[in-house]
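In: sequence? don't have it. structure:
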């Protein structure tokens, strides 16, 4: 952490179907300290959409205009409807413009989701044809706008504010409740400080912030919340006896839909670990670097949240995650050794028991 200039981090490790390690390191040591997530919450947003899909409240293959109060039309393919599925796999043809990105922080008199109308409807105050860069379904382009629209759909269809939906239908299912969108909802001691590096690579504490990337990256959360969420995806939709999604839905989400992208999940992360194959999501941004990755076969998963990211130290940040994940993989080795040892002990006991009864049987025969 010192080498990567990371002031604080929290770690959660799952092995098989239980949390086996959770700890906070560095400057802020409370286990429930909440961190900015970056893009990691896209997987949470996709999960909310799939819950509504399971409840037959929406069909992911239907046009988004069937649900939105205003119409969005991609002028590059006017005869093709953008569906919820296109948003989930980043094939809507929408891209992030510089103006869109900057306005998420600058809007003062408008809130989520009203700004989506301003950018995406032809009569919106910020509308520009530039926001559509490809025809619907023709090109994968990772884009925050897609997931902000998905969050808006969750809000419309559920009839709840998006934050309330996540709290009631995801986090509180597991008995955790540390996830919010506004930094002012946290006491200072429960929200990780935000840092950046200046031109001399010195750590500088920055102001805490809130932006409007609700579905794509605005969530602030704690390691215990994210670890429970990951646990359900690792274990066919159920964790700690609580079902988050049906098994078939989890399989759908974790299947390839656009190369290495599922529905809200990256299925390959060779940049982090080449072998074994890991899947999950991560996030980076202003004062945020997060990892949520697992290997389904070995049933090992790691959540790592930190409060500083700078591209100059990206490799060092990744190395922290690699170190933790490789340590977590040893849980399988320990488990295998313990299982083998137990099996050997049971085999010896069984053999000794058999010998004992055979000897008794012979003695009885001799007496007869």
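Out: Perfect, thanks for sending it. Note that the coordinates shown come from a computational prediction; the quantities given were computed from them, not determined experimentally.

In: how close does the closest residue to residue 156 other than its chain neighbours get to residue 191?
Out: Of all residues not flanking residue 156 in the chain, residue 67 sits nearest, at 5.8 Å (C-beta to C-beta, 6 or more residues apart in numbering). Heads up, the C-betas are built off the backbone N, CA and C, glycines and all. Residue 67 sits 34 Å away from residue 191, going by C-beta to C-beta, to the nearest Å.

In: now do the strands in the protein.
Out: With DSSP state E, the ranges of strands along the chain come out as 8-15, 18-26, 34-36, 194-197, 203-206, 220-222, 238-239, 242-243, 279-285, 288-295, 300-306.

In: so where's this protein uncertain?
Out: Applying pLDDT under 70 to the chain picks out residues 104-109, 334-358, 360-368.

In: how does it look with 90?
Out: For the chain, the stretches with pLDDT under 90 are 28-29, 97-112, 115, 125-126, 208-212, 259, 274-275, 285-286, 331-368.

In: bridging residues for residue 25?
Out: Residue 25 has these beta-bridge partners by DSSP bridges: residue 9.

In: settle this for me: it is touching residue 11, isn't it.
Out: Yes - judged on C-beta atoms under 8 Å, residue 25 makes contact with residue 11 at a distance of 7.2 Å.

In: so residue 67 and residue 191 - more neighbours on which side?
Out: With neighbours defined as other C-beta atoms under 10 Å, residue 67 and residue 191 compare such that residue 191 has more, 22 against 15.

In: report the contact partners of that one.
Out: Going by C-beta atoms under 8 Å, 6 or more residues apart in numbering, residue 191 touches 33, 34, 183, 208, 220.

In: could you find the closest non-adjacent residue to the last one?
Out: Closest residue to residue 220 in three dimensions, ignoring its sequence neighbours and counting by C-beta to C-beta, 6+ apart: residue 34, at 4.9 Å.

In: what about residue 25 and residue 11, which has more around it?
Out: The neighbour count for residue 25 versus residue 11, taken as other C-beta under 10 Å, is higher for residue 11 (23 against 15).

In: that one contacts residue 19, correct?
Out: No - in this structure, residue 11 is not within contact of residue 19 by C-beta under 8 Å, at 10.8 Å.

In: next, count neighbours for residue 1.
Out: For residue 1, the neighbour count with other C-beta under 10 Å is 16.

In: I figured it hits residue 320, correct?
Out: Yes - counting by C-beta under 8 Å, residue 320 is a contact partner of residue 1 at 6.6 Å.

In: overlap of the contact sets of the two?
Out: Contact with both residue 1 and residue 320 is made by residues 9, 306, according to C-beta under 8 Å, 6+ apart.

In: quick check: closest non-adjacent residue to residue 227.
Out: residue 12 (3.4 Å).

In: could you do residue 49 as well?
Out: Per C-beta to C-beta, 6+ apart, closest to residue 49 is residue 150, 5.5 Å.

In: and residue 82, by the same measure?
Out: Spatially, and ignoring its direct neighbours in sequence, residue 82 is nearest to residue 92 (4.8 Å; C-beta to C-beta, 6+ apart).

In: quick one, what contacts the one you found?
Out: Contacts for residue 92 (C-beta under 8 Å, 6+ apart) come out as 74, 82, 86, 136, 143, 145, 146, 149.

In: can you give me the neighbour number for the residue nearest to residue 227?
Out: Neighbours around residue 12, by other C-beta under 10 Å: 26.

In: correct me if wrong: it contacts residue 300.
Out: No - Residue 12 lies out of contact with residue 300 (C-beta under 8 Å); the separation is 11.9 Å.

In: circling back to that earlier point, residue contacts, the residue nearest to residue 227?
Out: 19, 21, 22, 223, 224, 226, 227, 230, 302, 303.

In: so who does the third one touch?
Out: If you count contacts by C-beta under 8 Å, 6+ apart, residue 22 has them with 10, 11, 12, 13, 31, 223, 224, 227.

In: try the fourth one
Out: Taking C-beta under 8 Å, 6+ apart as the definition of contact, the neighbours of residue 223 are 10, 11, 12, 22, 24, 31, 35, 303, 305.

In: one more time with 10 Å, if that's ok
Out: 9-12, 19, 22-24, 31-35, 176, 178, 290, 292, 303-305 (C-beta atoms under 10 Å, 6 or more residues apart in numbering).

In: how close does it get to residue 49?
Out: Here residue 223 is placed at a distance of 24 Å from residue 49 (C-beta to C-beta).

In: give me the common contacts of residue 25 and residue 11.
Out: What both residue 25 and residue 11 touch, as defined by C-beta under 10 Å, 6+ apart, is the set 306, 320.

In: that older thread, can you give me the neighbour number for the residue nearest to residue 49?
Out: Residues near residue 150, counting by other C-beta under 10 Å: 25.

In: isn't it right up against residue 64?
Out: Yes - shown here, residue 150 and residue 64 form a contact pair, counting by C-beta atoms under 10 Å, at 8.9 Å.

In: identify the contacts common to those two.
Out: What both residue 150 and residue 64 touch, as defined by C-beta under 10 Å, 6+ apart, is the set 84, 87.

In: quick one on the thing from earlier: which neighbours do residue 12 and residue 300 share?
Out: residue 20.

In: that older thread, kindly present the strands of the chain as TSV, with separate columns for distance to residue 329.
Out: Conversion of the strands of the chain to TSV gives the following (distance: least, C-beta to C-beta, whole Å):
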stretch	distance to residue 329
strand 8-15	10
strand 18-26	12
strand 34-36	24
strand 194-197	30
strand 203-206	31
strand 220-222	24
strand 238-239	20
strand 242-243	26
strand 279-285	15
strand 288-295	8
strand 300-306	6
